[in-house]
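>>> okay, here's the prediction I keep looking at, along with the sequence it came from:
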Amino acid sequence: MTTQIAENAAPSDRPQQRTIDGPKAKGLRRTLRLLRLILRPTQYLDDNVRRYGPMFQIGGDKFPPLVYVGAPEVVREIFLLDATQALSAPTNAVLQVIVGEHSILLLDGVPHQRQRKLLMPPFHGDRLRTYGQLISDITHQVSADWQPGQSLLARPPMQSLTLGVILQAVFGWREGERLAELQQLMGTLLDFFAAPVSASFLFFPVLQKDWGAASPWGRFVALREQVRQLIYAEIRDRRADLAQPNVDPHAKTDILTLLLLARDEQGQAMTDAELHDEIVTLLLAGHETTASALVWLLYWIHYLPEVQQRLRAELSDLGPQADPMAISQLPYLTAVCQEALRIYPITPTTFARVLCEPVTLAGYDFAAGTALLPATYIIHQRPDLYPQPRKFRPERFLERQYAPHEYLPFGGGHRRCIGSALAMMELKIGIATLLQDFEFALPHARPVLPARRGLTLAPPASMRLRVQSKRAA
């Protein structure tokens, strides 16, 4: 597999430069480098790009290397690799302690294709449109008690919003004890990995020791088991409900019911264990990253007055009671959301591809066993693709279309996020609803850099908003 590189590519990307360099640290220096990746992820990537170019490798002496790929023409070919050529599950094993062994994130080949086909229908077409009003309603609920003059941490309400949306979409719950309990437990469970220090538990498995409820990992294990019991109880109850003769299963639109009814090409349904792990995956992927993106949007919109002014003008043309689907089609709002995901992508890389065989991609030779890591952050900061890449400029998405290997906040290829359309809908409707109901200000209007939050990048947890005014009901 080869690709001709465009003549205007950066010099470090031209085919004659086929070797890939990278840091050579070993032992303690290697550990310190990993700690820097954990504590200062964007600075770590920026420094390596300055030293080695948009593609650099880690390791490669005794074992196949891990290669950060910030060259779009190489990423394009990586996204074309199939499951016989490259695997992703091995490098996602770090997530098993959270999502379980049956999660789609930990599958490759035929099992991955099967689960993807079963999971995709609720996130597309008519099903997706049913979530528009839900997002608007939950945004109103989360912000109902905010008052002018109030200062609030930005992340907790955004996380409540996105967790509420995915819980109601998955289970169909509008209220109830089980909803409240699962919402509280999931929030606590994911907050465990919020700080860079606690995120180290994912990067260093040796720290994953359960010394009882008083130990950090012991608390995590106990929380995970509580979530597990609640989800299994709901699966059992839902199966029993669907077995009742007077129940029309097709009248229900929640994701759990759709998954219980789904059958693969052999007519087989998901097991309870598969359902549990996929639900945990949806709850994790369906709210944590979207909450971070919402906070970034609130920051950029209120840090740059010209962005807020143009966005409010676009929203005002729809009126105060706009249809959520009409909101989701607004061009400038869409561009603002796209730019927020470009400048600081929530995941700095996509899922890695571990090569099953030697391949040549865009003139670079890679050995079997090499882990290729499409570097979203590096590509999104390329000045040849995004002039003035450090500048927040939504207009760039109104001026041109970017290819999937040039703009990749949701990954790409057959590992692209199945919930990307729902996530974009949440961003647009959630932000639009807040702007229609409130005026905000940043107490401290200053540049903000991403911070480590688990395996993702997010605005600092300390970021606050001040409520300036509230629209009369």
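Okay, I see it.

>>> pretty sure residue 312 contacts residue 435?
Yes: Residue 312 lies in contact with residue 435 (Cβ atoms under 8 Å); the separation is 6.2 Å. From N, CA and C alone the C-beta is placed, and that goes for glycine too.

>>> the strands in the stretch 151-300 of the chain, which residues?
With DSSP state E, counting those that start in this stretch as the criterion, the stretch 151-300 of the chain has strands at 151-153.

>>> so how many other residues sit close to the closest residue to residue 102 other than its chain neighbours?
Distances taken as Cβ to Cβ, 6 or more residues apart in numbering place residue 277 nearest to residue 102, at 3.9 Å, with adjacent residues excluded. Look at residue 277: counted by other Cβ atoms under 10 Å, it has 26 neighbours.

>>> give me the element residue 127 is part of.
helix 125-129 (DSSP states H and E).

>>> buried sites along that helix?
127, 128 (16 or more other Cβ atoms under 10 Å).

>>> elements contacting the helix or strand just after it?
Using DSSP H and E, the helix or strand that follows helix 125-129 towards the C-terminus is helix 131-143. For helix 131-143, the packing partners by 3 or more Cβ pairs under 8 Å, 6 or more residues apart in numbering; DSSP states H and E come out as helix 155-171, helix 324-327, helix 420-437.

>>> for the second one, packing partners?
Using 3+ Cβ pairs under 8 Å, 6+ apart as the contact definition, the elements that helix 324-327 packs against are helix 131-143, helix 420-437.

>>> what's the most buried one of those?
Mean neighbours per residue, mean count of other Cβ atoms under 10 Å, is largest over those for helix 420-437, with a mean of 23.

>>> which strand is the longest one in this protein?
Using DSSP state E, we find that the single longest strand of the chain is strand 464-470.

>>> now it: average pLDDT?
Averaged across strand 464-470, the pLDDT comes to 96.

>>> now that strand: buried residues?
For strand 464-470, the neighbour count (16+ other Cβ under 10 Å) marks 465, 466, 467 as buried.

>>> also stretch 170-190?
170, 171, 173, 178, 179, 182, 183, 185, 186, 187, 189, 190.

>>> is it possible to get CSV of those residues that adds pLDDT and distance to residue 425?
Shown next, in CSV, are the buried residues of stretch 170-190 (pLDDT from 0 to 100; distance: Cβ to Cβ, whole Å):
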residue, pLDDT, distance to residue 425
170, 90, 15
171, 90, 19
173, 78, 20
178, 86, 26
179, 85, 21
182, 89, 22
183, 87, 20
185, 89, 26
186, 86, 21
187, 82, 22
189, 82, 25
190, 77, 21
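
>>> which segments of the protein make up each domain?
Structurally, the chain divides into domains by automatic domain parsing as follows: 1-78+348-408, 114-345+415-470.

>>> before we move on, the earlier item: of all the helices and strands packed on helix 131-143, which one is nearest residue 305?
Of all the helices and strands packed on helix 131-143, helix 420-437 sits nearest to residue 305, with 13.4 Å by Cβ to Cβ.

>>> which strands and helices lie in contact with the closest one?
Packing partners of helix 420-437 (3+ Cβ pairs under 8 Å, 6+ apart): helix 125-129, helix 131-143, helix 155-171, helix 288-303, helix 305-316, helix 324-327, helix 331-343.

>>> tell me what the helix or strand following that helix is packed against?
Moving toward the C-terminus from helix 420-437, the next helix or strand (DSSP H and E) is strand 438-441. In terms of contacts (3+ Cβ pairs under 8 Å, 6+ apart), strand 438-441 is packed against helix 288-303, strand 464-470.

>>> mind listing the strands the helix or strand just after strand 438-441 pairs with, and their directions?
Per DSSP H and E, the first helix or strand lying C-terminal to strand 438-441 is strand 451-453. With DSSP bridges as the test, strand 451-453 is paired with strand 456-458 (antiparallel).

>>> which residues does the partner strand contact?
41-42, 155, 288-289, 292, 295-296, 344-348, 377, 450-452 (Cβ atoms under 8 Å, 6 or more residues apart in numbering).

>>> so for it, mean pLDDT?
Computed over strand 456-458, the mean pLDDT rounds to 91.

>>> looking at this protein, which helix is longest?
Secondary structure of the chain read by DSSP state H shows that its longest helix is helix 216-242.

>>> can you give me the buried ones in that one?
Per 16+ other Cβ under 10 Å, helix 216-242 contains these buried residues: 216-217, 219-221, 223-224, 226-227, 230-231, 234-235, 238.

>>> make JSON lines from those and add pLDDT and distance to residue 402 to it.
Formatted as JSON lines, the buried residues of helix 216-242 follow (pLDDT from 0 to 100; distance: Cβ to Cβ, whole Å):
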{"residue": "216", "pLDDT": "80", "distance to residue 402": "41"}
{"residue": "217", "pLDDT": "81", "distance to residue 402": "41"}
{"residue": "219", "pLDDT": "86", "distance to residue 402": "43"}
{"residue": "220", "pLDDT": "86", "distance to residue 402": "38"}
{"residue": "221", "pLDDT": "88", "distance to residue 402": "42"}
{"residue": "223", "pLDDT": "90", "distance to residue 402": "40"}
{"residue": "224", "pLDDT": "90", "distance to residue 402": "38"}
{"residue": "226", "pLDDT": "93", "distance to residue 402": "42"}
{"residue": "227", "pLDDT": "92", "distance to residue 402": "38"}
{"residue": "230", "pLDDT": "93", "distance to residue 402": "41"}
{"residue": "231", "pLDDT": "94", "distance to residue 402": "38"}
{"residue": "234", "pLDDT": "93", "distance to residue 402": "40"}
{"residue": "235", "pLDDT": "95", "distance to residue 402": "40"}
{"residue": "238", "pLDDT": "91", "distance to residue 402": "41"}
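
>>> ok, the residue nearest to residue 101 when sequence neighbours are not counted - contacts?
Nearest non-adjacent residue to residue 101, counting by Cβ to Cβ, 6+ apart: residue 277, 6.9 Å away. Residue 277 makes contact with 99, 100, 101, 102, 103, according to Cβ under 8 Å, 6+ apart.

>>> just to revisit the earlier point, relative to residue 425, which of the helices and strands packed on strand 438-441 is closest?
Nearest to residue 425, of all those, is helix 288-303, at 9.8 Å by Cβ to Cβ.

>>> enumerate every residue touching the residue most central in space within the chain.
Among the residues of the chain, the one closest to the centroid is residue 289, at 4.1 Å (Cα atoms, centre = their mean). Going by Cβ under 8 Å, 6+ apart, residue 289 touches 346, 347, 423, 456.

>>> of those residues, which is the most crowded?
Neighbour-wise, the contacts of residue 289 (other Cβ under 10 Å) top out at residue 423, 26 neighbours.

>>> contact partners for that one?
Per Cβ under 8 Å, 6+ apart, neighbours of residue 423: 286, 289, 290, 293, 410, 417.
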